[in-house]
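[1] Test case, fold it:
(3 chains)
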Amino acid sequence: MMTDFGLADPYVGVMKGVIADIAPECAIIDLTHEIQPQNILQGSFLLSATFRQFPEGTIFLCVIDPGVGTSRRPVLVSAWNAFFIGPDNGLFGFLIEAPDKQVTHLTNPAFFRHPVSHTFHGRDIFAPVAAHLAHLGPRILPELGETRDTLVDIEGRLPVKTTDGIEGTVVHIDRFGNLITNIPASRLTPLMNAGPGKIRITFRNRVLTLLKTFAEAPPHEPCTLIGSTSHLEIFVRNANAKEILKADIGEKVYVRKYHP
Amino acid sequence: MMTDFGLADPYVGVMKGVIADIAPECAIIDLTHEIQPQNILQGSFLLSATFRQFPEGTIFLCVIDPGVGTSRRPVLVSAWNAFFIGPDNGLFGFLIEAPDKQVTHLTNPAFFRHPVSHTFHGRDIFAPVAAHLAHLGPRILPELGETRDTLVDIEGRLPVKTTDGIEGTVVHIDRFGNLITNIPASRLTPLMNAGPGKIRITFRNRVLTLLKTFAEAPPHEPCTLIGSTSHLEIFVRNANAKEILKADIGEKVYVRKYHP
Amino acid sequence: MMTDFGLADPYVGVMKGVIADIAPECAIIDLTHEIQPQNILQGSFLLSATFRQFPEGTIFLCVIDPGVGTSRRPVLVSAWNAFFIGPDNGLFGFLIEAPDKQVTHLTNPAFFRHPVSHTFHGRDIFAPVAAHLAHLGPRILPELGETRDTLVDIEGRLPVKTTDGIEGTVVHIDRFGNLITNIPASRLTPLMNAGPGKIRITFRNRVLTLLKTFAEAPPHEPCTLIGSTSHLEIFVRNANAKEILKADIGEKVYVRKYHP
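    Here you go, the predicted structure:
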């Protein structure tokens, strides 16, 4: 499960109660419930960067849903040997390129909890559908609704090409203050050609060194590495880069080819 | 489980360790552990508003216990096809009206963890009793202690009747800043007679519109709706009503019949 | 599980995904994930004070790992009918005195997740080893790596002997603001001889009374008791000692024999 509900409210617990009623045998793992309220991009990034660590067949129940009660569509996406259930508002934009994906618009009320509220589809639509799928298996997929061809994408999901490199964005800041960007390791490699000396990484016009481990960094100096999610991160060794740089989600990071 | 222990301390984990030792097969769901420290009313409200979402036979282990170590009674309440275990300090006041409820004063030390401390009955009394009940089933109920007739109630649990309507209280503020009151939908209906135009909802002498969904609200304007817990909520669309109104738990909300 | 990862990031969820892939039947309990970032002493204290509440054979997967990617050793300690897996950086210092303990240096990559990153051994080494142990049982111990004789200790783990008593340290502050010290009940008893009147407890030159329950304390006055972890705690009744005293982790508490 991933939501922006936090753990101080009973919303996540209630969704688990609904699941336990339908599929008591179903094991539940919390990915995180502390996505910034309504920050679809952050949720989408963290899901895309971590879902491959889970067993095949995992059902990802994801609710970041500022448009609940409006016309945005509830969907189930079957892709990469996994299932993704939630609102079609960009959260699953990273699945657009998935081969052989199948998108189902969830319209069959037989799999919902009733009455369906205007304010909490996590409890009334997404959790019950996920639980029925866990309990009965993929054979129910054709009954859940109509198959669709498209998924809503979200701005800022991928770094942008510039004339001499790429412009990335800080999409998440972790508890240690590390600034995690949407620049995947795979986008750095072609820029690097013959080694790390060939690219220049800048943040607010400051050049940052690219290292392999936290421990290599000199003290107090913001540096970068490819973090555990295989994306470029800005960090300060044994310190909090967010506080030291007074940085925030949304800031830009540039990677350019370097011609000394 | 519901407590005011938070998740930064090991108290909740230790209770789960005690449960796992007695009833390793028992599945545990966290309702929330971030009830404000010692706020019995908030805990009682959230439990009363959500327990029906859980499967029949669920055991609700609830510890908000400012009087631990004093004469307040540890109890088990059997009501509404569920079991509620915790201190009898008002937390279970909403069960007073439950038909066919059975209250047991937990006095049999055979079901406790020993030695019983003066400071942590969650670990030493409530968790072990819940685990034994999960493991052995309701046949142990007569052995747990004596049956009692009464439950302690708590002030502020229900809205108060006024000459021309009702006075409610903000009992919870959720992560999105929505102010959730103790006014149930069922108390609004009789006041509304022929439609929502017939009542007036006020908060700090400000009249608030009653809507059906978050999305209907004009921007920046505090409005109300019946939220997912079936209680009246004050919200600001895509914004944080708590911050905008600088509101807090305990503030009053009035619903009056309207004579234009 | 115990980590300093917090719950806002997906790190804990990812570790659970890795475990579910190897040992889907394995039940997981969170002790806490909100150890202060990189505070090995706090983690070591909370683990040592609570592990005995868990069932025999429990695997404690603990990741507070400021030296990840450096030469600090990943270990498994078998002691007190339990297993402890994590970095050998002092976190398991309290096991040094355990009789019949067995320390294994985790070197066999067959039990790791690949590729092993430089930044997240929780996911790549510790979680997979814990999951394989849960799934296959202790018969795999000899295959995990070489047996070692020593464990790294950590400063501040135990109170220090002074000429007339002991000097302890505040190692944890709980959600209620109680200041929990590293002074175990067992170190107070020999000092007390003939009763609590025979010792004097001081914090910042202020003498604090030793009581049995929170409820005995006069209002507004900082007092002490032996808390639920069997260690000396400073508290203010129905109030927050941390805020009232503006206290922090690391402060000293003195217990001296009293000669009136």
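
[2] those helices in the stretch 1-150 of chain A, which residues are they?
    All helices of the stretch 1-150 of chain A, identified by DSSP state H, counting those that start in this stretch, fall at A:11-22, A:40-50, A:121, A:127-136, A:141-144.

[3] want to throw the ones you listed into a markdown table with mean pLDDT, mean neighbour count and distance to B:L76?
    C-beta coordinates here come from the backbone N, C-alpha and C atoms, glycine included. Below are the helices of the stretch 1-150 of chain A laid out as a markdown table (pLDDT from 0 to 100; neighbours: other Cβ atoms under 10 Å in any protein chain shown; distance: least, Cβ to Cβ, whole Å):
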| stretch | mean pLDDT | mean neighbour count | distance to B:L76 |
| --- | --- | --- | --- |
| helix A:11-22 | 98 | 23 | 20 |
| helix A:40-50 | 97 | 24 | 40 |
| helix A:121 | 96 | 25 | 35 |
| helix A:127-136 | 98 | 23 | 29 |
| helix A:141-144 | 97 | 15 | 41 |
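
[4] Of those, which is nearest B:E216?
    B:E216 sits nearest to helix A:121 of all the helices of the stretch 1-150 of chain A, at 16.2 Å, using Cβ to Cβ.

[5] circling back: make a markdown table out of the helices of the stretch 1-150 of chain A and add distance to A:H259.
    Formatted as a markdown table, the helices of the stretch 1-150 of chain A follow (distance: least, Cβ to Cβ, whole Å):
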| stretch | distance to A:H259 |
| --- | --- |
| helix A:11-22 | 51 |
| helix A:40-50 | 31 |
| helix A:121 | 52 |
| helix A:127-136 | 52 |
| helix A:141-144 | 53 |
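
[6] For C:D153, find the nearest of these.
    Nearest to C:D153 among these is helix A:40-50; the distance by Cβ to Cβ comes to 35.2 Å.

[7] The closest one near chain B anywhere?
    No - Helix A:40-50 lies out of reach of chain B by Cβ under 8 Å from any Cβ of the partner chain, never closer than 12.5 Å.

[8] quick one: contacts of that helix?
    Outside helix A:40-50, the residues that touch it by Cβ atoms under 8 Å, 6 or more residues apart in numbering or on different chains are A:2, A:4, A:31-32, A:35-36, A:60, A:62, A:64, A:66, A:84, A:89-94, A:154-157, A:171-172, A:180, A:182, A:229-231, A:249, C:10, C:13-14, C:17.

[9] rewinding a little: to A:A110, which of the helices of the stretch 1-150 of chain A lies closest?
    When those are compared by Cβ to Cβ, helix A:141-144 sits nearest A:A110, at 7.5 Å.

[10] Tell me which of the helices of the stretch 1-150 of chain A sits nearest to B:E25.
    Going by Cβ to Cβ, the one of those nearest B:E25 is helix A:11-22, 13.9 Å.

[11] Give me the helices and strands touching the closest one, please.
    strand A:2-3, helix A:127-136, helix B:40-50 (3 or more Cβ pairs under 8 Å, 6 or more residues apart in numbering or on different chains; DSSP states H and E).

[12] roughly how far is that helix from the heart of the chain?
    The chain centre lies 22 Å from the centre of helix A:11-22; the measure is Cα atoms, centre = their mean, to the nearest Å.

[13] do the same with stretch A:1-18
    Centroid displacement of stretch A:1-18 relative to its chain, using Cα atoms, centre = their mean, is 18 Å.

[14] Stretch A:52-63 too?
    Averaging C-alpha positions (Cα atoms, centre = their mean) puts stretch A:52-63 12 Å from its chain's average.

[15] quick one: is that stretch near chain B?
    No - applying Cβ under 8 Å from any Cβ, one finds stretch A:52-63 out of contact with chain B, separated by at least 12.1 Å.

[16] Just the endpoints, please. Distance across that stretch?
    Distance between the two ends of stretch A:52-63: 19 Å, counting by Cα to Cα, to the nearest Å.

[17] Same question for stretch A:144-156.
    Stretch A:144-156: ends 31 Å apart by Cα to Cα.
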